[in-house]
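>>> Take this sequence and fold it.
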Amino acid sequence: MARKSRKNRNTENTVNNKNKPQKQKVGAYVRLSSGERNGTQNDSIENQQAIIENYIKTHKDQDFELIETYIDSGKSGQSFARPAFNRLLFDIKNKKINCCITKDLSRLGRNAIDAGYYIEKFFPANNIRFIAITDKYDSADPNSSSIMLSLKNMLNEAYALDIAKKVKQAKRLNAQKGLFNGPRPPFGYLKDPNNKHKLIPNPKTAPIVKNIFMMAASGEPISKIIEYLEGKNIKLHKNTIYRILKHPVYCGDMQQSGIIIKNTHKALVSRKIFAYVNKTSSRR
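Below is the predicted model of the structure:
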């Protein structure tokens, strides 16, 4: 049997190397908006990660290697100003990854124009393969439809706008009922563990709020109030103290979205003290 020349062996190796797929250094991107946290488990952070990891495991012929998982929790898909997404872009530019995988197109974003820019412009310009698993989109697959991609992005944006509208309506309805809407309670209060829309006094900070009002009522300047707070290892800016002294929440009224509902929770100061402080502070 004739032996192959060294030249022929080298040519054969070159052809084999060209046919061998490039190693796919994967950046898995996972996102969940604040409005989706109370939704189904299908889009949970854990479920998205499991879907991506299973995809990598079952496509061994693609030579995937998961380099890092980028997680944005509580971030809207309508804006691309997200910490983990920006870190993903940084790593793309620095050649740390060459493949981005998401559970579906909506995880990347729900703004059709911006999502289209990243998928059709930014990723190709940086030699990034993009895969949206459940939407069956793979930029390396010539059968993946760009028409379907554009349509899906528009539907995702419409869905996000509809959700935002419903959330806004729900918040306004809660405000009309005197229910607390905010993510964090005002200083001096806690969210009732049995009802997140109801405020209860914080045993640690409620007495401090009362002292702030008493000091203001006795004519103490803001500088003295700041000194008092620093003695308690509490740092509040001057403007924050002014807002506390003017906010009706401390006399038991809920003010949200321009709506004020009286007597929704336990007051920390009397209406008489609250009115006196605001009258005298406006004179000063």
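>>> any idea which helix or strand carries residue 225?
Assigned by DSSP states H and E, residue 225 falls within helix 222-231.
>>> C-terminal to that helix, what's the next element?
Downstream of helix 222-231 (by DSSP H and E), the next one is helix 238-246.
>>> chain center to stretch 51-65, what's the gap?
Relative to its chain's centre, stretch 51-65 lies at 27 Å (Cα atoms, centre = their mean, to the nearest Å).
>>> what do you get for stretch 171-191?
The answer for stretch 171-191 is 20 Å, by Cα atoms, centre = their mean.
>>> How about stretch 224-235?
Worked out by Cα atoms, centre = their mean, stretch 224-235 lies 33 Å from the chain centre.
>>> which ones are touching residue 186?
By Cβ atoms under 8 Å, 6 or more residues apart in numbering, the residues touching residue 186 are 199, 244, 247, 249-250. Where C-beta positions appear, they are placed from N, C-alpha and C, glycine not excepted.
>>> ok, it to residue 22 distance?
55 Å (Cβ to Cβ, to the nearest Å).
>>> ok, back up a step: buried subset of the contacts of residue 186?
199, 244, 249-250 (16 or more other Cβ atoms under 10 Å).
>>> In helices, which of those residues fall?
residue 244 (DSSP state H).
>>> so the residue lying closest to residue 200 once chain neighbours are set aside bridges to which residues?
Leaving aside its sequence neighbours, residue 200 sits nearest to residue 192 (Cβ to Cβ, 6 or more residues apart in numbering; 5.0 Å). Note on residue 192: beta-bridge partners by DSSP bridges are residue 195.
>>> Test my guess that residue 192 contacts residue 202.
No - in this structure, residue 192 is not within contact of residue 202 by Cβ atoms under 8 Å, at 11.3 Å.
>>> who's more crowded, the two?
Counted by other Cβ atoms under 10 Å, residue 192 and residue 202 do not tie: residue 202 has more neighbours, with 18 against 14.
>>> gap between the residue nearest to residue 200 and residue 245?
25 Å.
>>> go on, residue 190?
Residue 190 sits 21 Å away from residue 245, going by Cβ to Cβ.
>>> One more: residue 32?
For residue 32 relative to residue 245 (Cβ to Cβ), the value is 38 Å.
>>> quick one on the thing from earlier: which residues are common contacts for residue 192 and residue 202?
By Cβ under 8 Å, 6+ apart, residue 192 and residue 202 have no common neighbours.
>>> Tell me which residues of the helix or strand containing residue 72 come out buried.
Assigned by DSSP H and E, residue 72 belongs to strand 64-73. For strand 64-73, the neighbour count (16+ other Cβ under 10 Å) marks 64, 66, 68-72 as buried.
>>> counting contacts, what elements does that strand pack onto?
Contacts defined by 3 or more Cβ pairs under 8 Å, 6 or more residues apart in numbering; DSSP states H and E place strand 64-73 against strand 24-32, helix 45-58, helix 83-93.
>>> from memory residue 67 sits against residue 26, does it?
Yes - using Cβ under 8 Å, residue 67 is in contact with residue 26, at 5.9 Å.
>>> what is in contact with the two at once?
With Cβ under 8 Å, 6+ apart as the test, residue 67 and residue 26 both reach residue 97.
>>> about what we covered before: got CSV for the helices and strands packed on strand 64-73, with mean pLDDT, distance to residue 222 and mean neighbour count too?
Output for those, formatted as CSV (pLDDT from 0 to 100; distance: least, Cβ to Cβ, whole Å; neighbours: other Cβ atoms under 10 Å):
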stretch, mean pLDDT, distance to residue 222, mean neighbour count
strand 24-32, 96, 41, 23
helix 45-58, 95, 43, 16
helix 83-93, 97, 35, 16
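>>> give me every residue that touches the most centrally placed residue in the chain.
Central residue of the chain (Cα atoms, centre = their mean): residue 75, 1.9 Å from the mean position. By Cβ under 8 Å, 6+ apart, the residues touching residue 75 are 31-34, 82-85.
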